[in-house]
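**Student:** Provide a 3D model corresponding to the input given below.
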Amino acid sequence: MLSEIQSGEKKLVSCQLVRTYTMDLPYFLVLGVVLFAIGIALVLTRRNIIMALMGVELMLNAANINFVAFAQYDLQKLDGQMATLFVMVLAAAEIAVALAIVLNVYKRFRTVRLDKLENSYHDLA
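**Tutor:** Sure thing, here's the model as predicted:
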């Protein structure tokens, strides 16, 4: 049923004429690439641990968008949705552990900046 709706097709719903649109795969892929690029830029350029973790989360969300975008071509299988659900659970667990580590690092070194942490760690060793 979903594959039968063409872009711009008009349907009569509840005595109203409604225009339906579908988004093609390239739009999703471009969105995924942009999110992934922003995530890489955050991880590589930011010196704050929290911002680096946000970059990792953006990269995971970009992968999720691509999983769901490719899954729309096979409506009988839910592989893309299941992979996305797994990545979301993994990301939630990752962020919980990472924030616990960040809190412990802040308690010990009184900073969350990566460049200052490197210097502090060498002073302790």
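**Student:** quick test: name the residue nearest the centre of the chain.
**Tutor:** Centre of the chain computed as the mean C-alpha position; nearest residue by CA atoms, centre = their mean is residue 61, 1.1 Å away.
**Student:** quick one: list the elements packing against the biggest helix by length in the chain.
**Tutor:** Criterion DSSP state H: the longest helix present in the chain is helix 79-109. Judged by 3 or more CB pairs under 8 Å, 6 or more residues apart in numbering; DSSP states H and E, the packing partners of helix 79-109 are helix 49-71, helix 114-124. Every residue, glycine included, has its C-beta placed from N, CA and C.
**Student:** residues contacting the closest residue to residue 61 other than its chain neighbours?
**Tutor:** Spatially, and ignoring its direct neighbours in sequence, residue 61 is nearest to residue 35 (5.9 Å; CB to CB, 6 or more residues apart in numbering). By CB atoms under 8 Å, 6 or more residues apart in numbering, residue 35 lies in contact with 58-59, 61-62, 65.
**Student:** now the buried members of the residues you listed.
**Tutor:** Among the contacts of residue 35, the ones that count as buried by 16 or more other CB atoms under 10 Å are 58-59, 61-62, 65.
**Student:** so which of those residues is the closest to residue 26?
**Tutor:** Here the nearest of the buried ones among the contacts of residue 35 to residue 26, counting by CB to CB, is residue 65; it sits at 12.5 Å.
**Student:** what's the closest one in contact with, if anything?
**Tutor:** Taking CB under 8 Å, 6+ apart, we find residue 65 in contact with 28, 31-32, 35.
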